[in-house]
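K.L.:
Requesting a structural model of the entry that follows:
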Amino acid sequence: MKQRVLTGNLVLSDKVVYGSVTVEEERISRITEIEPQREDAEIIVPGFLDIHFHGTGPYGVLSFEDIAGVAAFEPQNGVTVFTPAMGACPRDMRVDFLRSCRRLAAERKSGCAVCAGSHLEGPWLDYEHRGGMGKDMLAVPDEESLDEVLKEAAGTLKLVTLAPDVPNGLAAVKKLSAAGVVVSIGHSGATPEEFTAAVEAGLSHVCHLFDAYDPRPVEEGVTRYCLSDACLMDDRVTVELICDGFHVPPELVKLACRLAGIDRIVAITDSMQGTGLPNGTYCQEDGTYYYLDNDSVCRSLEEDVGIVGSCLPMKRAFTNLVNRWGFSLVDAVKMTSANPARVIGVEKETAALREGFFADINILAPGTCELRECIVRGESCFCS
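P.N.:
Take a look at the predicted model:
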């Protein structure tokens, strides 16, 4: 039996200790705690999960070959499990995407991250809050389209982001959640009351909070309660934050974590094709083009659209949380591993350094937290 022992500072669910992780084949067979953490030791954390992104490296999500390329590329970002997202797009493209993710979820290849399923971000979104989504690609949910996505995904559709305030929105929430899909509010103009009704109907997640959301209204000099406030206050939902420092200012990241609590925060990238590559022009799902600036974000080349996504790799989201914004290693691991795993239902097999779990592990440099090695199912898939 193939065995490997990793030694360093182990970031466990509630503490950091110096110790070892024994890996046998594709699983963790033993965790040994030796002594308090050492300043100069490598840091051993669970692999990262990205449950909301539209591409990375030279790959988008428009074909099976693209998504397979993402799976091969993601270990260099420290990602061991992922669910790619498809934005609002033509029906045939959506069906092909669901089929591709379903196929890849069933046939992981050596050296690749694990595709856990798919995420649909649209087309059932509010026109006024569409952000970078193509305005001609939006739709109102109906029984036929919902039945189709559930059939084509065949149990691998993990997340659907929709606006519950569009016509038939609440019915869509009920139908999808009853089918075992996590329903997320996003690109929505819902009132706090409409949001609460959606949660009671089965909605349990929040898509990239603060992005494509209305600001707090001010009436006669009095600031009023708004949708973002309701998302942070409701303990029944988990909340995504794009941790690049541009989509959400660091102060709002810290505020959200204080209000919602670390256990409800999910760090995402919302990254686009071209992430990790030089600055340049790339194409998104609806056929429109954007410019990727590694010192900023991805911006549409169409007038009056603005930001359409990030160029943030997940390994940088982690270092931002720890080195730039002062979160502990334990809390950063919750936001990049444990919490997203719980959202998509894989928390009982991965995303923690725990005996019997899959050996999905990252080894980070002491101090800087830069990625040195990514291990997926016990196999070294990236070494710096």
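K.L.:
which stretches of this protein have low pLDDT?
P.N.:
By pLDDT under 70, the weakly predicted segments of the chain are 1.
K.L.:
residue ranges of the helices in it, please?
P.N.:
64-73, 91-106, 143-153, 169-178, 192-201, 227-233, 250-260, 314-319, 329-333, 339-343 (DSSP state H).
K.L.:
Which residues does the last one contact?
P.N.:
With C-beta atoms under 8 Å, 6 or more residues apart in numbering as the test, helix 339-343 has contacts from 49-51, 81, 158-159, 182, 205, 238, 263-268, 347, 350-352. (C-beta placed from N, C-alpha, C; glycine too.)
K.L.:
So which of these sit within strands?
P.N.:
49-50, 81, 158-159, 182, 205, 238, 265-268 (DSSP state E).
K.L.:
Switch these over to JSON lines; also include distance to residue 11.
P.N.:
Output for the ones in strands among the contacts of helix 339-343, formatted as JSON lines (distance: C-beta to C-beta, whole Å):
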{"residue": "49", "distance to residue 11": "15"}
{"residue": "50", "distance to residue 11": "18"}
{"residue": "81", "distance to residue 11": "17"}
{"residue": "158", "distance to residue 11": "25"}
{"residue": "159", "distance to residue 11": "26"}
{"residue": "182", "distance to residue 11": "26"}
{"residue": "205", "distance to residue 11": "25"}
{"residue": "238", "distance to residue 11": "21"}
{"residue": "265", "distance to residue 11": "17"}
{"residue": "266", "distance to residue 11": "17"}
{"residue": "267", "distance to residue 11": "15"}
{"residue": "268", "distance to residue 11": "20"}
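K.L.:
which of the residues in stretch 73-87 are buried?
P.N.:
The neighbour-count check on stretch 73-87 (16 or more other C-beta atoms under 10 Å) flags 73-87 as buried.
K.L.:
on that earlier part again, kindly reformat the helices of the chain as TSV containing distance to residue 300.
P.N.:
TSV is the format used below for these (distance: least, C-beta to C-beta, whole Å):
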stretch	distance to residue 300
helix 64-73	20
helix 91-106	19
helix 143-153	26
helix 169-178	26
helix 192-201	28
helix 227-233	23
helix 250-260	23
helix 314-319	22
helix 329-333	31
helix 339-343	27
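K.L.:
right, so the ones you listed: which one is the most enclosed?
P.N.:
Among the helices of the chain, helix 314-319 has the highest mean neighbour count (mean count of other C-beta atoms under 10 Å), at a mean of 25.
K.L.:
outside of it, which residues touch it?
P.N.:
45, 48, 50, 77-79, 243-244, 267-269, 332, 336, 362, 368-371.
K.L.:
out of the helices of the chain, nearest to residue 381?
P.N.:
helix 64-73 (8.5 Å; C-beta to C-beta).
K.L.:
about what we covered before: now the buried members of the contacts of helix 314-319.
P.N.:
45, 48, 50, 77-79, 243-244, 267-269, 332, 336, 362, 369-371.
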